[in-house]
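**Q** Could you look at this predicted model? Sequence included:
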Amino acid sequence: MASGAVPRVVLVNGGAGFLGSHLCERLLAAGDTVICADNFLTGRRENVAHLTGDSRFRMVEQDVRNPYDFDVSLIFNFASPASPPDYQRDPVGTLLTSVIGAVNALDLARRTGATVVQSSTSEVYGDPLQHPQRESYLGNVNPIGPRGCYDEGKRCAETLFFDYHRKYGVDIRVGRIFNTYGPRMRLDDGRVVSNFIVQALQNKDMTVYGDGQQTRSLCYVDDLVEAFMRFARADGRSTGPINLGNPAEIPVIHLAELVRELTGSRSRIVHLPAVVDDPKQRRPDISRAAEELGWAPRVPLTAGLAKTIRYFDALLSRTEADARK
Ligand code: NAD
Ligand code: UDP
């Protein structure tokens, strides 16, 4: 446990997902007790299988759109599909998960006095006209486009968080996550890092959508989880919103070339049609996170990609071995 830190009972909604499972792991390592609630829409039991032997860890199958009750002092609201193909598969369900999921988490916080931490997103800025994005930027979201179910759901959740804070005094933390990658992303989740690595490892065509000049700023998962651990322990005045991400910006086409080089792949890079409403540029201004949390990302892109490549390489070998059985 961190020295002097009081252990907590923590609810992690979406705890069987990519980010949620890393968070559960870190909370247990910090001495906390963890209730992991998930409906396994995009998460997997395997992500937390290694935690189930710990008596301080409990897995609960729960859709966060349905009411629930747990005696907790801290809530992480991470339940929502996050990859565009995942969240567009059931757009109405995605929007309701954000909105009703936020209400249920906030109501629990109100009943128990728990702190509640929201996994918001850089998507609240839409296709940003301000660059880099600061928290004061109000965004450029298309409410009727195919990304609206996710972007507007997350925007509405932020509204709910701040209304519960102002109206009922709920202790909130809103973190706007910028693209984060690392081990435990799904092979087929459709996000750029997983797609490129899996394609490269299999020497298949690497699919760049559009001309590849659009940019993203990629954060390694351990850095992001560290930021949330600090944020949850931060002073109650630190409500956010706070941008959490790595400001090192890269055009998608350069990312494809980098992954191909790091994997030693023979893949070709091919261009597919551009995605509707795809943000053209994205880079967080993280000065608020530095000031309020004393945080900055530490893992450079090549190092984070190398770890993620090792993870997918091992996963593909296991998957291929299982298929041969
Ligand atoms: P993920 O898909 O791996 O994890 C989401 C988890 O939520 C999954 O385990 C899924 O089964 C669960 N879930 C979805 N709907 C649910 C429901 N109705 N009830 C209960 N559980 C449900 O995605 P992730 O990358 O780990 O994202 C976690 C959170 O962080 C999401 O809220 C996402 O919007 C946010 N976020 C992630 C990123 C990123 O780059 N990874 C960026 C911005 C925001
Ligand atoms: N992208 C791509 N090829 C892929 C997957 C994604 O060129 O196989 C692009 C996508 O169009 C976007 C960027 O990579 O410009 C990031 O996409 P991702 O789905 O990972 O995240 P988001 O769009 O939510 O930032």
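**A** Arrived safely. Ligands and ions are numbered 1, 2, ... in the order given.
**Q** where do the helices sit along this structure?
**A** 18-29, 46-49, 84-89, 91-112, 148-168, 192-201, 221-233, 252-263, 287-293, 301-324 (DSSP state H).
**Q** average pLDDT for the first one?
**A** The predicted model gives helix 18-29 an average pLDDT of 98.
**Q** name the helices or strands packed onto that helix?
**A** Using 3 or more C-beta pairs under 8 Å, 6 or more residues apart in numbering; DSSP states H and E as the contact test, the elements touching helix 18-29 are strand 9-13, strand 33-38, helix 46-49, helix 221-233. For every residue, glycine as well, the C-beta is placed using N, CA and C.
**Q** And the helices of the chain: which comes nearest residue 177?
**A** helix 221-233 (6.5 Å; C-beta to C-beta).
**Q** related to what we said a few turns ago, wait, which of the helices and strands packed on helix 18-29 is closest to ligand 1?
**A** strand 33-38 (4.5 Å; C-beta to the nearest ligand atom).
**Q** can that closest one be found next to ligand 1?
**A** Yes - Strand 33-38 is in contact with ligand 1 by C-beta under 6 Å from any ligand atom, via residue 38.
**Q** Please apply the same query to stretch 249-257.
**A** No - using C-beta under 6 Å from any ligand atom, stretch 249-257 stays clear of ligand 1, with a minimum separation of 14.0 Å.
**Q** List the buried residues in that stretch.
**A** Neighbour counts over stretch 249-257 (16 or more other C-beta atoms under 10 Å) mark 249, 250, 251, 252, 253, 255, 256, 257 as buried.
**Q** Disregarding flanking residues, what is the spatial nearest neighbour of the fourth one?
**A** Across the structure, with C-beta to C-beta, 6 or more residues apart in numbering as the measure, the residue nearest residue 252 apart from its sequence neighbours is residue 212 (4.5 Å).
**Q** how far away is the residue nearest to residue 68 when sequence neighbours are not counted from residue 14?
**A** Excluding the flanking residues, the one nearest residue 68 by C-beta to C-beta, 6+ apart is residue 62, at 5.6 Å. To residue 14, residue 62 is 10 Å away according to C-beta to C-beta, to the nearest Å.
**Q** Need the residues touching each of the two.
**A** By C-beta atoms under 8 Å, 6 or more residues apart in numbering, residue 62 and residue 14 have these common neighbours: 37, 38.
**Q** So which of these two has more stuff around it?
**A** Legend: neighbour count by other C-beta atoms under 10 Å for residue 62 and residue 14, higher for residue 14 (28 against 19).
**Q** show me what contacts that one?
**A** 20, 37, 38, 43, 64, 76, 77, 78, 79, 80, 119.
**Q** In strands only, show me these.
**A** 37, 38, 76, 77, 119 (DSSP state E).
**Q** my guess is the last one contacts residue 177, does it?
**A** Think residue 119. Yes - because the distance of 5.9 Å satisfies C-beta atoms under 8 Å, residue 119 is recorded as touching residue 177.
**Q** Can you check which residues contact both of the two?
**A** Counting by C-beta under 8 Å, 6+ apart, the residues touching both residue 119 and residue 177 are residue 19.
**Q** and the protein, which of its residues are near ligand 1?
**A** 14, 16-20, 38-43, 63-65, 78-82, 86, 97, 119, 121, 177, 179-180.
**Q** among these, which are in reach of ligand 2?
**A** Checking those against ligand 2 (C-beta under 6 Å from any ligand atom), the matches are residue 179.
**Q** are any of the residues of the chain next to ligand 1 buried, and which?
**A** Buried among those (16+ other C-beta under 10 Å): 14, 16-20, 38-39, 41-43, 63-65, 78-82, 86, 97, 119, 121, 177, 179-180.
**Q** how about the residues of this protein near ligand 2?
**A** 83-84, 179, 191-192, 195, 207-209, 214, 216, 252, 275, 278.
**Q** burial count for residue 323?
**A** With other C-beta under 10 Å as criterion, residue 323 counts 7.
**Q** what's the spacing between it and residue 241?
**A** Taking C-beta to C-beta, one finds residue 323 at 44 Å from residue 241.
**Q** And for residue 29?
**A** Distance from residue 29 to residue 241, by C-beta to C-beta: 27 Å.
**Q** Now render the ones in strands among the contacts of residue 14 as a markdown table, adding pLDDT.
**A** As requested, the ones in strands among the contacts of residue 14 are exported to a markdown table (pLDDT from 0 to 100):
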| residue | pLDDT |
| --- | --- |
| 37 | 98 |
| 38 | 98 |
| 76 | 98 |
| 77 | 98 |
| 119 | 98 |
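**Q** sorry, back to before: and the residue nearest to residue 68, what is it in contact with?
**A** 13, 37, 38, 39, 68.
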